[in-house]
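> Structure for this input, please:
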Amino acid sequence: MKPHPSESRSIKETPSQIYAEMLTETDKEKLARLYTDFRYFAYRMLWVVDKEGKLVKFKFNDAQELYHKACEQMLAEVGFIRMIVLKGRQQGISTYITARGYWIALTRSYKSICILAH
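As a prediction, the model looks like this:
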C-alpha cells in the first residue's frame, strides 16, 4: 500500500507542497487559473447579495465588465492599476473593486490593499 503523502516527509516541506502532490493535473490547472484570472475566480469563489436579497455567484454586470477590461488593459500596459472612478450609484463598481482587492490579497504574497473613498 502506498503511504499517505504526509507520512515520512521532510520538515522543510509545507502543507501546500504536500497537498499539491495529491491534486490531479486538471485540479492544478483550475487552481492556477484561480490565481491568474480574476473573472474566473470571482464567478467560482465569490458570492454577493443581489437586489432581491438573494445570495448569488458574483457575475460581472455591464459596468463591471467595462471596468474590468479597463483594469486589465492598464495592467498589461503599465504594470499596475490605478484608477479614479467617477460613477453613479448602484453600478457595482465598489463591489468589483473590493472583490478584486480581496483576490489580490488572497493570491499574492506580501501585498497590501488600500481602497480610498471620498
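
> contacting residues around stretch 86-99?
In this structure, residues lying in contact with stretch 86-99 by CB atoms under 8 Å, 6 or more residues apart in numbering are 42, 46, 48, 58, 60-61, 63-64, 67-68, 85, 115, 117. Where C-beta positions appear, they are placed from N, C-alpha and C, glycine not excepted.

> Okay, buried residues for that stretch please.
Across stretch 86-99, burial judged by 16 or more other CB atoms under 10 Å covers 91-93, 95-97, 99.

> Endpoint to endpoint, that stretch covers what distance?
19 Å (CA to CA, to the nearest Å).

> likewise stretch 88-96?
Note: stretch 88-96 ends 14 Å apart using CA to CA.

> for it, what is the average pLDDT?
Averaging pLDDT along stretch 88-96 gives 86.

> What is the host helix or strand of Glu77 packed up against?
Counting by DSSP states H and E, the element that carries Glu77 is helix 62-78. With contacts defined as 3 or more CB pairs under 8 Å, 6 or more residues apart in numbering; DSSP states H and E, helix 62-78 has these neighbours: helix 93-107.

> now the helix it packs on, how far from the centre of its chain.
The chain centre lies 7 Å from the centre of helix 93-107; the measure is CA atoms, centre = their mean, to the nearest Å.

> Please apply the same query to stretch 34-51.
7 Å.

> related to what we said a few turns ago, could you provide the buried residues of stretch 86-99 in a markdown table, with additional columns for distance to Thr14?
Compiled in a markdown table, those are given as follows (distance: CB to CB, whole Å):
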| residue | distance to Thr14 |
| --- | --- |
| Gln91 | 41 |
| Gly92 | 37 |
| Ile93 | 37 |
| Thr95 | 33 |
| Tyr96 | 32 |
| Ile97 | 31 |
| Ala99 | 27 |
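
> and those residues, which two are the farthest apart?
Pairwise distances across these peak at 13.9 Å for Gln91 and Ala99 (criterion: CB to CB).

> And the buried residues of stretch 86-99, which is closest to Ala20?
Relative to Ala20, the closest of these is Ala99; by CB to CB it sits at 25.8 Å.
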